[in-house]
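S.K.: Quick one, fold the following:
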Amino acid sequence: MSDLTIHHTERSPAWLVEARALLALAAPLALAQLAQMAVLTTDVVMLGRLSREALASAAIGNTVYYLAWLIGSGPAQAVSPVIAQIIGARPRHRNGVRTSVRMGLWVTTLVSAPLMILMLNAGPILRALGQEPALADGAGVFVAMLCFGLPFTLGFQVLRNFATALNRAAAPMWVMGLSIIWNGVVGYALIFGHFGAPKLGLMGSGLATSSSAVFAFVALLVVVLVDPKLRAYRVFRRASRPVRAKLSELLRLGMPIGLTMIFEAMLFNAMTLVMGTFGAVPVAAHQIALNFASVTFMVPLGIAMAATVRVGIATGRGDPDAARRAGFTAMGLSILFMSASALGMILFGRQIAGLYVGGRAGDEAVITLATQYLLVAAAFQVFDALQVVGALSLRGLKDARMPMVIAGVSYWLAGAPVCILLGVVMGLQGLGVWIGLAFGLAVAASAMIWRFHWITRRG
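M.R.: Got it, this is the predicted structure:
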């Protein structure tokens, strides 16, 4: 037997063990992310059946909401690698974990107030950005209702990251599953005026989504207080006492994490605004394709979140080989899933688009455009998976600043110019915008993978 064969035989069990550990952690995380997307998809489907204008207003309104959400999410996401490295280095260091969770809730509470003010002014902001007045006004009403759920959404992320790092990822999954039912029932009642509730349309959709965020936070809080393993950390002990060093660490790590997510998400949201200048039909088709691509993205995102924990724990215990193995195993698993989802978009794009509209006159144009955009989305599925797994694997190493730079360059110096060139200058409109999005994701994926390889190769 050659040296190469011996080496392969020795390494294969370690990669297999890592794949199993990743899948065990990633499965409930991916299901929780899919449940979270199901909440948003429920809103999209119901608003699509209310009217195309309501769907378009929600689409452009979400550009403001997600900007606020992403800014607040940075510190919340920083909780995961911080706790993972603490557990890897000192598994019984409960005080460090407790402090990280408590300060994570502090930070998200502090940043929520100014972000809610931003959301309450969504209508004027969108008007100033050149959106159609009727759509901007509808979006303003929708986002104003969403703002009340923002602090609870951010708080849920902190508790979820705490539970995940302690290998309790199933709890957030079940909570999000229940929140789908909550949002669906309340949304159905408030959007269309069923069960004796007033018919509030867009306002009802926003209120339902906010109420589901409150429900999810309270339910997961109960789990944290009841589950024996989580309760042992007594995360609310000395809850009113700030720990400046930990606050500083979460902000120092969280702000570039937030900016990394903003650079990517706001490219998509900015292109939604560009699509809004083409009219209600293109932006409605864009929202359909973007929503479905976001649904499939939740699986590699769950794998990536598991990679953050696995890479972080390995780094904390001083095992760079295990950290490298965790990151690249996660990339391989995400490629397998996204290849399958791309094939589904290619084969069933028209049927997928048809699920989002109610069969009214004029919906055929929306379906045709959405099917076209889904073909482009199929082409960038693997790139989308690799960029998020690469970024979150780097997060497990507490490497946040360079991924921020990579995201800024990839999406705004590469992707955005191509979107504008093809979509606006060359007149391809929505198709050109989606080709530009694919290009930006490809650049980001290549750079994130190389960065992770370069750091972990040196140990």
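
S.K.: Tell me where the stretch 51-200 of the chain has helices.
M.R.: Along the stretch 51-200 of the chain, counting by DSSP state H, counting those that start in this stretch, helices occupy 52-89, 94-120, 122-128, 133-146, 150-165, 170-192.

S.K.: and the fifth one with helix 170-192, angle?
M.R.: Interaxial angle, helix 150-165 versus helix 170-192 (axes from the mean of the first three to the mean of the last three CA atoms, to 10 degrees): 150 degrees.

S.K.: So for helix 150-165, what gets flagged as buried?
M.R.: The neighbour-count criterion (16 or more other CB atoms under 10 Å) identifies 150-165 as the buried residues of helix 150-165. All C-beta atoms are positioned from the backbone trio N, CA, C, and that covers glycine.

S.K.: Likewise for stretch 16-33?
M.R.: 18-19, 21-22, 25-33.

S.K.: With secondary structure, pLDDT and distance to T260 added, can I get these in CSV?
M.R.: Output for the buried residues of stretch 16-33, formatted as CSV (DSSP: H, G, I helix; E, B strand; the rest coil; pLDDT from 0 to 100; distance: CB to CB, whole Å):
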residue, secondary structure, pLDDT, distance to T260
E18, helix, 87, 25
A19, helix, 86, 26
A21, helix, 87, 26
L22, helix, 87, 22
L25, helix, 88, 22
A26, helix, 88, 20
A27, helix, 88, 25
P28, helix, 88, 24
L29, helix, 87, 19
A30, helix, 85, 20
L31, helix, 86, 24
A32, helix, 83, 21
Q33, helix, 80, 18
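
S.K.: Just send the residues you listed back as a markdown table, with distance to L301 too.
M.R.: Listed next are the buried residues of stretch 16-33 as a markdown table, based on distance: CB to CB, whole Å:
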| residue | distance to L301 |
| --- | --- |
| E18 | 19 |
| A19 | 18 |
| A21 | 18 |
| L22 | 13 |
| L25 | 13 |
| A26 | 9 |
| A27 | 13 |
| P28 | 13 |
| L29 | 8 |
| A30 | 7 |
| L31 | 11 |
| A32 | 10 |
| Q33 | 5 |
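
S.K.: so which of those residues would you say is closest to I303?
M.R.: Nearest to I303 among those: A26, at 4.4 Å, using CB to CB.

S.K.: I figured the closest one was touching L333, is that so?
M.R.: Yes: taking contacts as CB atoms under 8 Å, A26 lies within contact range of L333: 7.4 Å.

S.K.: Between these two, which contacts overlap?
M.R.: Listed as contacting both A26 and L333 by CB atoms under 8 Å, 6 or more residues apart in numbering are I303.

S.K.: quick one: contacts for F148?
M.R.: Taking CB under 8 Å, 6+ apart, one finds 116, 207, 210 in contact with F148.

S.K.: how does it look with 6 Å?
M.R.: Shown in contact with F148 (CB atoms under 6 Å, 6 or more residues apart in numbering): S210.

S.K.: how close does it sit to I180?
M.R.: Look at F148 and I180: by CB to CB, to the nearest Å, they are 19 Å apart.
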